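>>> Kindly return the folded structure for what I paste below:
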Amino acid sequence: MKEGKILAVDDNAGIRATLKILLPAQFAEVKIIASPNTIVSELEQFRPHVVLLDMNFKTDTNTGNEGLFWISEIKKLSPNTQVVLFTAYADVELAVEGMKRGAFDFVVKPWDNKKFISTLCSARSKAMQKNGSTVKAQENQNSMFWGTSPQMESIKKTIEKIAPTDASVLITGENGTGKDILAKEIHNLSSRANKQLIAVDAGALTETLFESELFGHVKGAFTDAKSDHVGKFELADHSTLFLDEIGNIPLHLQAKLLRALQNRKITKVGDTKEVDIDIRLICATNVNIEKLVSDSRFREDLYYRINTVHIVLPPLRERLDDILPLSERFIMDFNKKYSRNVVGISPEGIQKLRNYRWPGNIRELQNAIEKAVILSDGELITAKDFQFQSNTQEVNVVSSAADNLESAEKMVIKNAVEKFSGNLSLVAKYLNISRPTLYSKLKKYGI
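Next up is the predicted model:
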C-alpha cells in the first residue's frame, strides 16, 4: 500500500526523471526539486516523512558541505523527518558523517533499485512510528561500564564507599577513558542524586568570563551584563559541581577558585554580598597534575583541596578483556540509532581491536564501532570494517598472532554458546559455519 510523503532533492535532471517513475509506486505523495534552497518551505508546507538528499549541488560540487549543512537544518527543523543521502562512491566518508549528524541511511550511485526502495521504505516506517525514541540507547551510552579488569573492580569498590559521602574527588586519566561518565556515576550514587549535576569545562573558560561563569554577575557589572547571571557554583547548590579539565586553569585564576572552595561562599561579579554555597566537588583532568604542582604551575593548596580521593582511570589498552563487551554494547546502541541488524564481530575483527593501541580510548572505540555498524555489509563486523588512521598504533602482543586469533575465536564461540543457551544449530548459523566444524572447534577449545 502506498503511504507517506517523500521529498527528493537532486540537481541531476536524469536522476530526477528516474525518480518520477520509481517513487510514486511506493509513496502516496512525491515531490522532486532540483535545489535545496526551498527545503525550509517544503518542510513547513509539504511536511515529508522522508527526504532523499543529494550530497553535492552546483556549488562546492565535490565537498559535500551543502549536503552536510542541509542534513543539520532538516533535523533541526523537523526531527522526525528521515533523511536518506544520495552519494557517489567517493562520498562514502561524507555519508558516514551525514549519518552521525542524523541521516537515516545513504544510497550509493548508481544504485540497485530493490535495495534503494527498501531503504526508503524503512526510512518511511521509522518516520511514521509514533514512539521511535532512542532515549534508552542514549542512556546506555552515558551509563558507567565497569568491565572485569582488576583496576576497574578496585575503582568500583572505592566508588561504592565514597559516593554516599561529600568527599571531593579528583579523576585523572587519558582522553576518552570516561572521566565524565564516572563523575555522573558518583553523583547518581550520592545523596545529592535528586538534583542535577552541574558540569563545567574549566579549561574552556576564558579569563574574562571565568568569574562570571563560575560565580555569576549582577546587572551592570560590565558592558554586556544586561541582566543578572547565576553562576555554576550557585546552580550546583545542594548538588554536585563537576569541573572538567581543571588542570588547564591558569595559575592566577586558581586562587579565586580556592577561595570559594575554602570559604564555601561566592561573590558575584559587580556585587559585594557573599552567597553561601553547598556543593560536592568532582574534578577531572588528563594532565599529570602532580607534575604541574612540582613545576609550580598548579597551586599545591588547591591540589589538596580537590584531592580528598584520587581515582585514576586506566587506558583501554590495559583493559583488553573489556573491548568485546564494550563493543557489543555500542553495537546494540547503534543498531537502534541507525536501524541496523549487526549481531557481532568476527574473530579477525576482535583481534584487530585487541591489537590496536587506542590512543582515544573508549571514546575512540565507540566511534570505530559506530562507523563499522554503518559500513558493515552483513550481520558480522569484519576486520576490514575497522579503518584506523595509522598502522603504527597497532601493537605486537606477547603471544603470536596465531595464538591471539585462536583466543579471539574461542571467546566468540563461547559467547555464542551462552547467547543461544547451548543450541548448537543456532550457534552454527550465527557463526556461519557447519555443525561438524562447530563440533571440532568446541572439542579443540574444551568448550
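>>> helix or strand right after the helix or strand of the chain with the lowest mean pLDDT?
None of the helices or strands of the chain scores lower by mean pLDDT, DSSP states H and E than helix 135-141, at a mean of 47. Later in the chain than helix 135-141, the nearest helix or strand by DSSP states H and E is helix 150-162.
>>> same for that next one, what does it pack against?
helix 179-188, strand 309-312 (3 or more C-beta pairs under 8 Å, 6 or more residues apart in numbering; DSSP states H and E). Heads up, the C-betas are built off the backbone N, CA and C, glycines and all.
>>> Go through these and pick out the most buried.
helix 179-188 (a mean of 20; mean count of other C-beta atoms under 10 Å).
>>> Identify all contacting residues around it.
142-144, 155, 159, 162-163, 169, 171-173, 193, 197, 199, 239-240, 242, 244, 280, 282, 284, 286, 311, 313 (C-beta atoms under 8 Å, 6 or more residues apart in numbering).
>>> what do you get for stretch 47-54?
So stretch 47-54 is contacted by 4-12, 15, 19, 27, 31, 36, 39, 42, 67, 70-71, 74, 78, 81-87, 103-104, 107, 120, 123-124, 127-128 (C-beta under 8 Å, 6+ apart).
>>> The nearest residue to Val373 once chain neighbours are set aside sits in which helix or strand?
Nearest non-adjacent residue to Val373, counting by C-beta to C-beta, 6 or more residues apart in numbering: Phe334, 4.2 Å away. Using DSSP H and E, Phe334 maps to helix 323-338.
>>> residues in contact with that helix?
Helix 323-338 has contacts (C-beta under 8 Å, 6+ apart) with 99, 104-105, 134, 136-138, 140-141, 145, 147-148, 316, 340-345, 350, 353-354, 362, 365-366, 369-370, 373-374, 381, 411, 415.
>>> Show me which residues of it are buried.
Neighbour-count burial for helix 323-338, counted by 16 or more other C-beta atoms under 10 Å, picks out 323-324, 326-334, 336-338.
>>> Same question for stretch 275-291.
275, 277, 279-286, 289.
>>> Please list the members of the residues you listed that lie in strands.
The strands, defined by DSSP state E, take in 275, 279-285 from these.
>>> Run through the stretch 51-200 of the chain and note the low-pLDDT ranges.
58-64, 89-91, 130-142 (pLDDT under 70).
>>> any chance you could map the helices in it?
Using DSSP state H, counting those that start in this stretch, the helices found in the stretch 51-200 of the chain span residues 65-77, 92-100, 113-128, 135-141, 150-162, 179-188.
>>> pLDDT of stretch 365-375, averaged?
Taken as a whole, stretch 365-375 has a mean pLDDT of 93.
>>> same thing with stretch 414-433?
76.
>>> buried set for it?
For stretch 414-433, the neighbour count (16+ other C-beta under 10 Å) marks 415-417, 427-428, 430-431 as buried.
>>> what's the answer for stretch 245-261, then?
Using 16+ other C-beta under 10 Å as the test for burial, stretch 245-261 gives 245-249, 254, 256-258, 260-261.
>>> among the residues you listed, which are in helices?
Residues of the buried residues of stretch 245-261 located in helices (DSSP state H): 254, 256-258, 260-261.
>>> so Asp301 touches Leu258, yeah?
Yes: the pair Asp301 / Leu258 is scored as a contact, 6.2 Å apart, by C-beta atoms under 8 Å.
>>> Arg435 reaches Ser425, doesn't it?
Yes: shown here, Arg435 and Ser425 form a contact pair, counting by C-beta under 8 Å, at 6.9 Å.
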